[in-house]
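Undergrad: Okay, here's the prediction I keep looking at, along with the sequence it came from:
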Amino acid sequence: MEIDGYSVEPITSDAFDDLVTVLGKGGIGGCWCMYWTTPTTAEWREGCAGGRSAPNRSLFREIVEAGPPPGLLAYHAGEPAAWCRVMMRNSLPGLNSSRFFKTELPSDDVWSLACFVVRRQFRGRGLTAVLTRAAIQYVADRGGGTLEAYPWDTDEKKAPSTVYTGLASTFERLGFEVVQRRAPHKPMMRLAVGAG
C-alpha cells in the first residue's frame with residue numbers, strides 16, 4: 001500500500017534483509033523485535049546475547065518464514081525506512097506478563113501494534129503515523145478487529161529506543177482511545193477497525 005510517499009508491505013522471508021537494514025546488524029542490542037514474543041524478560045535477555053548472532057535473530061526469522069507476516073516494512077524510493085510489529089495480541093505472551101499491559105479486557109480479535117523502529121535518516125518524518133495507518137488498513141483487509149497500542153504518554157523528549165512503542169499523541173490523532181492505564185505514562189489504547 002502507498003501512504004504519504006511510502007510503500008508499506010507485510011514482511012516476508014524475502015524481505016528479511018530489509019528488516020536487518022532497519023534494525024541494524026546487531027538487531028538493536030540483540031532484541032530483534034522479540035521482547036513481546038518472549039514470555040519473560042529473563043528469557044528475552046538470554047536471547048539477546050550475541051547481537052548479530054543472537055538467538056533472537058534466528059527465532060524471529062523463523063516467525064517470519066512460518067507466517068503470517070509479523071509486521072510491516074515501510075520503504076522510501078525502494079529503500080527500507082521503518083518497521084512495525086503487527087500481530088494478534090494472543091500470540092505475544094510478553095504482554096500478559098507486563099505490569100503495564102496485562103489486561104482482563106477481551107483479547108479475541110485484538111491485533112497488537114507493539115513496536116516501531118525508524119532508521120535514523122528517516123526520523124522526524126511522521127513514520128510512526130504512516131505505519132499506524134498502514135496497520136489499520138492491514139487489519140481491515142484481514143476482516144477487521146481491534147488494533148491495540150502501548151505508547152508513552154509524555155511531552156518530554158525521549159530517545160528513539162525509549163519510545164519504541166510510539167507516543168500517545170500520535171495514536172490520539174488517529175482515533176485511538178485509552179482503555180487501560182496502569183501508570184500515568186503508559187496507557188493502553190485501542191481502535192475498532194471495520195472490515196475493509
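TA: Arrived safely.

Undergrad: from here on, contacts and neighbour counts on C-alpha atoms
TA: Noted.

Undergrad: so where do the strands sit in this protein?
TA: 2-3, 6-10, 71-76, 79-88, 110-118, 145-149, 177-181, 187-193 (DSSP state E).

Undergrad: show me where pLDDT drops low in the protein?
TA: Along the chain, the parts satisfying pLDDT under 70 run over 160-161.

Undergrad: which stretches of it form helices?
TA: Read by DSSP state H, the chain holds these helices, from start to end of the chain: 16-23, 27-30, 41-48, 55-66, 93-96, 127-141, 168-173.

Undergrad: And the strands of the chain: which comes nearest residue 94?
TA: strand 110-118 (10.6 Å; Cα to Cα).

Undergrad: Kindly provide the distance from residue 144 to residue 177.
TA: Residue 144 sits at a distance of 17 Å from residue 177 (criterion: Cα to Cα, to the nearest Å).

Undergrad: got it, and residue 53?
TA: Looking at residue 53 against residue 177, where the rule is Cα to Cα, the gap reads 39 Å.

Undergrad: between those two, who's got more neighbours?
TA: Remark: of residue 53 and residue 177, residue 177 carries more neighbours, 18 against 15, as counted by other Cα atoms under 10 Å.

Undergrad: That one and residue 192 touch, don't they?
TA: No: with contact defined as Cα atoms under 8 Å, residue 177 and residue 192 do not form a contacting pair (9.6 Å).

Undergrad: Name whatever forms a beta bridge with the closest residue to residue 178 other than its chain neighbours.
TA: Nearest residue to residue 178, sequence neighbours excluded (Cα to Cα, 6 or more residues apart in numbering): residue 189, at 4.2 Å. The partner list for residue 189 in beta bridges (DSSP bridges) reads residue 149, residue 178.
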